[in-house]
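Please work out how this folds:
(2 chains, ligands or ions: 3)
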Amino acid sequence: MEDKILLRYIDVPHIEKIEVYQKHDGYQGLAKSLKQHKPDEIIEIVKASGLRGRGGAGFPAGLKWSFVPKDSGKPVYLCCNADEGEPGTFKDRLLMEKNPHQLIEGIAITAYAVNCHTAYIYIRGEFCQAKNVLEQAIAEAYQNNYLGKNILKQGFHLDLSLHPGAGSYIAGEETGLLESLEGKRAEPRLKPPFPASVGLFKGPTVINNVETLSNIPHIIMRGAEWFKGFGTEKSTGTKLFCLSGHINKPGVYELPMGIPLKKLIYNYGGGIIGGRKLKAVIPGGSSTPVLTAKQAEDVLMDFESLQAAGSMLGSAGVIVMDETTCMVDALANLTRFYAHESCGQCTPCREGVSWMAKILRRIEDGKGLEGDLELLLDICDNISFKTLCPMGDAAIGPVVSFIAKFRSEFEDHIRQGRCPIEKDKSIKVRG
Amino acid sequence: MAVKFSAPVEREFKEILSRYPHKEAALLPVLHLAQREFGVLSDEVLEQVAGLMDLPLSRVKGVVSFYTLFNTREVGRYVIRVCHTLSCALNGAEQVIEHIKNRLHIEVGETTPDKKFTLLECECLGSCNTAPVMQINDRYYENMTLEQVDQILDSLE
Ligand SMILES: Cc1cc2nc3c(=O)[nH]c(=O)nc-3n(C[C@H](O)[C@H](O)[C@H](O)COP(=O)(O)O)c2cc1C
Ligand code: SF4
Ligand code: FES
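Ligands and ions are numbered 1, 2, ... in the order given. Predicted coordinates:
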């Protein structure tokens, strides 16, 4: 059995062009959907496949679609979340730059399934290359009647456009995204109501990640059982794992869910730069709790296993840190990121995360005070579950886990009044 | 000074509006368009945009200030954004920033006196596998070494 789904054709020259994509089964899944299936059947197939969202939360895709009311009388919208901003994550950009039609086909099938006629791809403003490729691909899809009116003469119509973001991590949170798409500041909305009932322009709205949607054509073509042949019982399919940090061969690796982290790092990633020792791994993007080298020994990369290990699969952005990494410095870096990206609506997130960033920087600079760790954990406590959107909790995940697992390193900084780690900050040139 | 879209940009503007059921949803793409046309989203430009979009100026300014890619102050012809988030930091981003500062004799956030370069730090560019990464205007520069940074800056007119 071949082991790739999404990246199977990634190296085919010009797969971004519609003629080439068509020669590789392109748009067969859309044709099959429109000609052989009712919308509800598509939802049932995707439910049966066990496909879970690839944007971070892992919510079952088919189930999400089934929440869209059938008789609201309002237009249904579909938004593809292409805002990819979680540090350590860089898979959606690859999918869009290399195989844009796979995504467009997934969007068209999904739109058909939820009775949507207007879809948007909310794309990160910085992704200029991906924007150009997608724009071209969308135009080709219209010319070939995979988008537009009466698609493939089956009476279904769909308009798809790109909506560029303008630099904001929180616009990746689904309700922040909706606000941004409505021409506003990307300030997340209080839920409920959930977007499936009241979303974009107050209509029922489905929001899915690029990788989630790119899986759809394959599931329709090959069936739910085939898809379930990849991965584990509850985390089906393959996953695009993003490897970065102190690793010899960083990159995107498509592998079945449930692959051992150790195998990912050493067999695929070529091990740690300079043959150094592993210190810590962030397994699922910057918001997910850090794992120690010991935990990394035997953890498996799927939703359940990482949860059992006290972390999360998140967006599968694996950040590898070697023995020269200062954990205080690393955490200060991440916390600064969250402080910078807070939208400012909730006081605990706006003020608390900025304080934490300042305290961590002061500890790293050797000016930490006795009691700073308790203070940090207290601030975390005051943020936890007390904010409007999950970003508050995303920001404290690293703080709590770094302190729990590397506490002595933080204490050494405070006690010695300096950073005791001999860091290697040189530019790593890989062989 | 009155600012106005040229005829081709006006057409592009209309095309953008046609993608949305509500006019104000087009605000972000229209601001991108205005920035591409006029370089900076000055008060005059924002007034023009607010007029075209039937929105109060304060509403437009509120949006502009929220997003990092909109420039309300003058920037150089080349805006350099060096990623300094974790994966890039682990791979030497700090050195890249120091190097550029020394070479251009400016601090982060500043523009060279000849208005050629503006240096900024930015958060994760979604290219952590090719750290350290920087973006200059629309283009990414990946896997940088200090020699390459020099070559890149030399090659820009
Ligand atoms: C702070 C924050 C940032 C997020 N950023 C992204 C993002 O960049 N891309 C993405 O697909 N999902 C992101 N998400 C998750 C989305 O809110 C949403 O769950 C997802 O787009 C749903 O798609 P999926 O079910 O296909 O994963 C983010 C969530 C939070 C709380
Ligand atoms: S938790 Fe933070 S990012 Fe989310 S709405 Fe509140 S202030 Fe904004
Ligand atoms: S951390 Fe620099 S591109 Fe992601």
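
drop to CA atoms for contacts and neighbour counts, all remaining ones
Noted.

and A:Glu2, what pLDDT?
The predicted structure scores A:Glu2 at 63 on the pLDDT scale.

let me fix that: A:Leu147
Reported pLDDT at A:Leu147 in the predicted model: 98.

helix, strand or coil for the residue of chain B positioned farthest from its centre?
Distance from the C-alpha centroid of chain B peaks at B:Pro21, with 27.8 Å (Cα atoms, centre = their mean). With DSSP: H, G, I helix; E, B strand; the rest coil as the basis, B:Pro21 sits in coil.

Give me the buried positions along stretch A:79-97.
Counting neighbours by 16 or more other Cα atoms under 10 Å in any protein chain shown, one finds that the buried residues in stretch A:79-97 are A:79-97.

what kind of secondary structure is the residue lying closest to B:Arg19 once chain neighbours are set aside in?
Spatial nearest neighbour of B:Arg19, chain neighbours left out: A:Ser161 (6.9 Å); criterion: Cα to Cα, 6 or more residues apart in numbering or on different chains. A:Ser161 falls in the strand class when you classify it by three-state DSSP.

how near is A:Ser161 to A:Leu94?
Using Cα to Cα, to the nearest Å, one gets 19 Å for the distance from A:Ser161 to A:Leu94.

Same question for A:Val76.
When distances are taken as Cα to Cα, A:Val76 and A:Leu94 turn out to be 28 Å apart.

what does A:Val429 give?
The span separating A:Val429 from A:Leu94 equals 22 Å under the rule Cα to Cα.

Surely B:Thr118 is in a strand?
Yes: for B:Thr118, which was evaluated using three-state DSSP, the result is membership in a strand.

picking that back up, burial of the residue nearest to B:Arg19, as a residue count?
Per other Cα atoms under 10 Å in any protein chain shown, the neighbour tally for A:Ser161 reads 18.

and it, bridged to which residues?
Partner residues in beta bridges with A:Ser161: A:Tyr120, with DSSP bridges as the criterion.

Can I take it that A:Asp43 is in a helix?
Actually, residue A:43 is Ile. It isn't Asp. Yes: looking at A:Ile43 with three-state DSSP, it is inside a helix.

Which secondary structure state is assigned to the spatially closest residue to it that is not a sequence neighbour?
Spatial nearest neighbour of A:Ile43, excluding adjacent residues (Cα to Cα, 6+ apart): A:Gly62 at 5.2 Å. Of the three states, A:Gly62 takes helix under three-state DSSP.

so which strand or helix has B:Val149?
Element membership for B:Val149, per DSSP states H and E: helix B:146-155.

Check B:Gly51 too.
Assigned by DSSP H and E, B:Gly51 falls within helix B:43-53.

Name the residues that touch that helix?
Under the criterion Cα atoms under 8 Å, 6 or more residues apart in numbering or on different chains, residues B:1-4, B:23-24, B:27, B:30-31, B:34, B:38, B:56-57, B:60-61 lie in contact with helix B:43-53.

Would you report which members of those residues are assigned to helices?
Among those, the members falling in helices are B:27, B:30-31, B:34, B:38, B:57, B:60-61 (criterion: DSSP state H).

got the contact list for A:Phe201?
Residues in contact with A:Phe201 (Cα under 8 Å, 6+ apart) are A:Glu182.

switch to 10 Å and redo it
Contacts for A:Phe201 were tallied using Cα atoms under 10 Å, 6 or more residues apart in numbering or on different chains; they are A:74-77, A:178-179, A:181-182, B:20-22, B:25.
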